[in-house]
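Undergrad: the sequence isn't on hand, but the structure is:
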């Protein structure tokens, strides 16, 4: 009886006994070392990278065989559509040379975005788009920049409304644009912007006149002399000069046009040959021949 009681008491003590750290460790699986886990993760990343590379080059090889090396997609000259405006000076061959496209090559030998960026890097081109027309056609659309003024020189250059020097003056229409004389950029070249130079105000005069529904009727600008740092000399029809400060340009141009309009209606004014309209003092002074 006493023996039974002792065994019961012993079991109760063991049950109440708290588990030690060693007891817990013996009942659990020992964790894997951190270094071993890192090695497995590294090997997994390497394996996935190798798999991705194999897939990439495999797909590229298949695509090259299916498209780039396929004569079915070779460009046909008659299937290359080319549109350009307004000047039409960029020829199809020139455009393809700039874009890096072989006219006798494969339709998939070039990247559309890269070819477009190359075209837009040309100052004379404002907008460009390219589209593949399967199986052997290509569509190229180009919008050229429109020049509004000229820069003097042995080979005059054309400037657009934003002040960008876009190209050489090549056509009779180019030579009809007003000349910006007296500029401080005698060695100007395509891609240069003159808007912040001393010619900027002269270009603004041309822009104001051409964008007005009223001014072109009375002010046919042939030249703007920008050599003076404070004033501009605007040459218009009938050998008339308009002297004006480099401020309030639109206001002074409107005043000049109104005076010339009035002169055509007033017989007394029409008798006198006008030589100069001077606004440099703020008031209008008229000189006659």
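TA: Received it, and whenever you're ready, just let me know what you need. This is a predicted model, so every value here is computed, not measured. Numbers count the residues shown, from 1 in each chain.
Undergrad: what ranges do the helices span in the protein?
TA: Ranges of helices in the chain, per DSSP state H, are 2-16, 21-27, 34-63, 92-99, 112-120, 200-211, 249-265, 267-270.
Undergrad: report the mean per-residue pLDDT for the fifth one.
TA: To tie it back to what came earlier, the one meant is helix 112-120. Taken as a whole, helix 112-120 has a mean pLDDT of 97.
Undergrad: and it, how far out from the chain middle?
TA: For helix 112-120, the gap between its own C-alpha mean and the chain's C-alpha mean amounts to 11 Å (Cα atoms, centre = their mean, to the nearest Å).
Undergrad: lowest-scoring secondary structure element of the protein by mean pLDDT?
TA: Comparing helices and strands within the chain by mean pLDDT, DSSP states H and E singles out helix 21-27 as the least confident, with a mean of 46.
Undergrad: nearest residue to the most centrally placed residue in the chain in space, please, no chain neighbours.
TA: Centrality entry for the chain: nearest residue to the mean C-alpha point is residue 120, 6.5 Å, by Cα atoms, centre = their mean. Distances taken as Cβ to Cβ, 6 or more residues apart in numbering put residue 128 closest to residue 120, at 5.5 Å, once the chain neighbours are dropped. Backbone N, C-alpha and C define where each C-beta goes, glycine included.
Undergrad: my guess is that neighbour meets residue 114, correct?
TA: No: checked against Cβ atoms under 8 Å, the pair residue 128 and residue 114 is beyond contact range at 11.9 Å.
Undergrad: thinking again about what came up before, worst mean pLDDT among the helices of the chain?
TA: Looking at the helices of the chain, the bottom one is helix 21-27 with a mean of 46.
Undergrad: neighbour count winner among residue 128 and residue 114?
TA: With other Cβ atoms under 10 Å as the criterion, residue 128 and residue 114 differ in neighbour count, and residue 128 comes out ahead with 23 against 10.
Undergrad: can you name the residues that contact residue 75?
TA: Contacts were defined as Cβ atoms under 8 Å, 6 or more residues apart in numbering; by that measure residue 75 touches 102-107, 136-138.
Undergrad: how about residue 205?
TA: 221, 224, 232, 234, 249, 253 are the contacts of residue 205 under Cβ under 8 Å, 6+ apart.
Undergrad: the closest residue to residue 169 other than its chain neighbours: what's it in contact with?
TA: Setting aside the residues directly before and after it, residue 169 is nearest to residue 156 in space (Cβ to Cβ, 6+ apart), at 4.4 Å. When contacts are counted by Cβ under 8 Å, 6+ apart, residue 156 is found next to 150, 168-169, 174-175, 179.
Undergrad: mind listing the strands in the stretch 101-250 of the chain by residue range?
TA: Defined through DSSP state E, counting those that start in this stretch, the strands belonging to the stretch 101-250 of the chain, from first to last, are 125-133, 137-144, 147-151, 157-160, 165-168, 179-181, 223-225, 231-236, 240-245.
Undergrad: pick the most deeply packed of those strands.
TA: Looking across the strands of the stretch 101-250 of the chain with neighbours counted as mean count of other Cβ atoms under 10 Å, the highest average goes to strand 157-160: a mean of 25.
Undergrad: other SSEs contacting that one?
TA: When contacts are defined as 3 or more Cβ pairs under 8 Å, 6 or more residues apart in numbering; DSSP states H and E, strand 157-160 sits against strand 147-151, strand 165-168.
Undergrad: among the ones you listed, which is nearest residue 42?
TA: strand 165-168 (56.3 Å; Cβ to Cβ).
Undergrad: the closest one pairs with which strands, and in what direction?
TA: Taking DSSP bridges as the criterion, strand 165-168 pairs within the sheet with strand 157-160 (antiparallel).
Undergrad: contacting residues around the nearest residue to residue 99 once chain neighbours are set aside?
TA: Nearest-residue entry for residue 99: residue 115, 3.9 Å, with adjacent residues in sequence omitted and distances by Cβ to Cβ, 6+ apart. When the contact criterion is Cβ under 8 Å, 6+ apart, the partners of residue 115 are 99-101, 130.
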